[in-house]
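# one predicted model, sequence on top.
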Amino acid sequence: MEWKAGENTHENLIYACFGGLSNTGITATLASMEAVKDLGLRKVGIGCLAGLPIEVEPVLGKTNAAKKIITVDGCPFECSKKVVERAGFKIARSIVLVRDIGMKKKPFHEDIGGDLKGMMNYVSTEDVRKAKELIIQAIRE
Ligand code: SF4
C-alpha cells in the first residue's frame, strides 16, 4: 500500500543522526525509538534521514505534513539538523546530546586493536532515558 499525502500521517517527526561509529550516534537513535514507543506512532514517527537529500517522495511528503520536526544529534557536527535544514525544512527543536545532556562522545575506533567491547557496552541506559525525556518534552511543548 502506498502512502498518500494527508493519509496516515504522523503528527510530528523526529530526525535522528544515527552515527554508528560512536556512543552518541547510537544513543540518539535508541532515545528516538524509545520516545516513539512512549508516545505512539500517531503522535510521532522517525523520518528517513537518508531520503531527504535524494528527495524520496513519501519522505518529503511526510516531512511536509509534520506539525513539528525535532532533530536529535549526538555531537556538535549536528548531521541530522544540517541535512534537514539543507532539504529546506524548519526545525522546531534541535537536540544535541553532548550539549543538552552532557554526554561524552566515545568514538568506537579508539578501542579497535585494544579492548573492544560489544557495542551496547558503550551505551548508557541513563543517557538514553535523559535523551528520550528531552525528545518527549520537545514534542509536547
Ligand atoms: S551528529 Fe555526531 S554522532 Fe551524530 S552522526 Fe553526526 S558525527 Fe555522528
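Good, I have the coordinates.
# CA atoms for contacts and neighbours, from now on please.
Will do.
# what helices or strands is whatever helix or strand residue 36 lives in leaning on?
Assessed by DSSP states H and E, residue 36 sits inside helix 23-39. Here helix 23-39 touches strand 12-16, strand 44-46, strand 68-73, helix 97-100, helix 125-140, going by 3 or more CA pairs under 8 Å, 6 or more residues apart in numbering; DSSP states H and E.
# the ligand contacts on this structure?
Proximity of the chain to the ligand (CA under 6 Å from any ligand atom) is limited to residues 17-19, 24-25, 73-75, 77-79.
# shaky segments in this structure?
1 (pLDDT under 70).
# roughly how far does residue 57 sit from the ligand?
As for residue 57, its distance to the ligand is 23 Å (criterion: CA to the nearest ligand atom, to the nearest Å).
# relative to residue 93, how far out is that residue?
Distance, residue 57 to residue 93, using CA to CA, to the nearest Å: 24 Å.
# would you confirm that residue 94 contacts residue 74?
No: at 10.8 Å, residue 94 and residue 74 do not qualify as touching, with contact defined as CA atoms under 8 Å.
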